[in-house]
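Visitor: Just need the structure, nothing else, for what follows:
(one chain, ligands or ions: 1)
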Amino acid sequence: MVEESAVRGVTLVTGGNSGIGYECVRALAMDGARILVASRDREASEEAADRISEESGCEPIEALALDLGSLASVRQFAKEIEARDLPIQTLICNAGLQMNGLRMTPDGFETTFAVNHLGHFLLVNLLMRRLIANAPSRVVVVASGVHDPELFTGMPKPDVKSVEALAATGGSGPEKFNGRVAYVNSKLCNVWFTYELIRRLRAHGLGQAPQAPLSVNAFEPGLVPGSGLARDYPPVARWIWDRLGPPIGRIASRLVAGINTAQHSGAALARVARDPALENTSGKYFPSHTKFREGRSSKLSYDEARAAELWDESVRLTELTADESPLIHPVR
Ligand SMILES: NC(=O)c1ccc[n+]([C@@H]2O[C@H](COP(=O)([O-])OP(=O)(O)OC[C@H]3O[C@@H](n4cnc5c(N)ncnc54)[C@H](OP(=O)(O)O)[C@@H]3O)[C@@H](O)[C@H]2O)c1
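Guide: Numbers count the residues shown, from 1 in each chain. Take a look at the predicted model:
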């Protein structure tokens with residue numbers, strides 16, 4: 001268990017029990033970081049944490065339950081962090097899923113949008129005062145190249161008509177749910193959120209000089225075959241992804257910059273979260289196809305009006321208050 005009083009600088013990784021998040025935790029642990037893994041399946045997270053602690057001989061890694069698809073669970077999780085006064089210094093928003101059918105969360109939102117965007121939006125805001133208090137600190141949001149229609153990814157183009165439509169159907173047509181469209185849209189939201197978060201911090205004079213910096217960046221892991229992302233796919237597609245994905249990934253990753261093993265992408269994610277050279281780098285995008293150096297995200301992702309609309313609507317949908325986040329007060 002993470003010792004409340006002695007600990008400085010806890011790194012919180014959402015979805016750290018599987019795939020890219022698991023490998024990121026491994027890389028961070030080898031580096032001596034103090035880590036908290038949060039996902040729905042606490043038992044799976046505890047097993048992952050124990051395995052990595054044993055392997056790395058590092059500080060014990062703690063696991064806590066967090067369901068990003070439930071606003072109540074996110075608020076409960078933040079309360080637990082508060083109650084234990086855990087000094088969260090790095091927050092890696094990695095958890096994500098892709099759905100095969102339209103499923104609504106207990107709050108009445110489409111699940112892909114709710115987990116991949118809205119839950120993380122709320123979590124970051126609830127932990128913002130803590131991140132600022134522990135600065136220099138960082139937020140890294142795991143997006144995906146599929147948000148960019150100019151890249152060949154085999155996925156549909158994002159199609160965000162309104163935030164209301166995202167909340168209701170993930171942005172796919174109301175008559176027939178399309179999980180791939182909902183996923184791509186949610187990943188565009190990740191990039192809009194990253195850029196808008198840094199604009200809001202600047203507007204409020206937070207997380208920048210003369211204070212210690214709070215840096216916020218987006219990360220794009222490339223295609224990582226064999227991760228748990230296909231768990232809701234139809235059986236045949238899932239079998240191909242699970243069984244053939246890892247060997248194909250190992251070979252293709254040597255030839256194509258946009259295809260990686262989970263180990264490679266996880267280590268790159270850990271670097272973006274920890275590299276001292278990036279302490280003052282903010283509002284940037286680190287994609288696989290540039291070998292995880294700063295790169296450009298899609299044209300639409302730089303649309304400030306759309307990003308601001310997503311922010312304002314996310315405040316409304318989560319019922320976020322000024323008591324909960326320092327970014328809700330009107331800018332003077
Ligand atoms: N694999 C790829 O090709 C690829 C490409 C681009 C981007 N990405 C992005 O990379 C990130 C990691 O994906 P991955 O491929 O490593 O998939 P993964 O192996 O399925 O990992 C996803 C993680 O998210 C957690 N999670 C899912 N729903 C959750 C919820 N409601 N609340 C809290 N945690 C939840 C899962 O744990 P529990 O089940 O215990 O909750 C799991 O630890 C995602 O954001 C994904 O969009 C992946």
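Visitor: C-alpha only now, for contacts and for neighbours.
Guide: Fine.
Visitor: mind checking the SS state of the residue lying closest to Gln98 once chain neighbours are set aside?
Guide: Spatial nearest neighbour of Gln98, chain neighbours left out: Tyr183 (5.7 Å); criterion: C-alpha to C-alpha, 6 or more residues apart in numbering. Following DSSP: H, G, I helix; E, B strand; the rest coil, we place Tyr183 in the helix state.
Visitor: Tell me which residues touch Tyr183, please.
Guide: 97-99, 112-113, 170 (C-alpha atoms under 8 Å, 6 or more residues apart in numbering).
Visitor: Check what pLDDT it gets.
Guide: Tyr183 is assigned a predicted lDDT (pLDDT) of 97.
Visitor: Return the distance of it relative to Thr194.
Guide: 17 Å (C-alpha to C-alpha, to the nearest Å).
Visitor: And Gly283, by the same measure?
Guide: Taken as C-alpha to C-alpha, the span from Gly283 to Thr194 is 7 Å.
Visitor: Between these two, which has more neighbouring residues?
Guide: Thr194 (26 against 16; other C-alpha atoms under 10 Å).
Visitor: related to what we said a few turns ago, could you point out which of the contacts of Tyr183 is nearest to the ligand?
Guide: For the contacts of Tyr183, the residue nearest the ligand by C-alpha to the nearest ligand atom is Leu97; the value is 5.4 Å.
Visitor: and His147, how many neighbours?
Guide: For His147, using other C-alpha under 10 Å, the count is 29.
Visitor: Close to the ligand: what parts of the stretch 151-300 of the chain are there?
Guide: 221-225, 227-229 (C-alpha under 6 Å from any ligand atom).
Visitor: would you turn these into TSV with secondary structure and neighbour count?
Guide: Converted to TSV, these look like this (DSSP: H, G, I helix; E, B strand; the rest coil; neighbours: other C-alpha atoms under 10 Å):
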residue	secondary structure	neighbour count
Pro221	coil	27
Gly222	coil	25
Leu223	strand	22
Val224	coil	26
Pro225	coil	24
Ser227	coil	19
Gly228	helix	18
Leu229	helix	20
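Visitor: can I get the residues you listed in JSON lines with distance to Glu54?
Guide: Supplementary listing: those in JSON lines, determined by distance: C-alpha to C-alpha, whole Å:
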{"residue": "Pro221", "distance to Glu54": "26"}
{"residue": "Gly222", "distance to Glu54": "29"}
{"residue": "Leu223", "distance to Glu54": "29"}
{"residue": "Val224", "distance to Glu54": "26"}
{"residue": "Pro225", "distance to Glu54": "26"}
{"residue": "Ser227", "distance to Glu54": "22"}
{"residue": "Gly228", "distance to Glu54": "23"}
{"residue": "Leu229", "distance to Glu54": "26"}
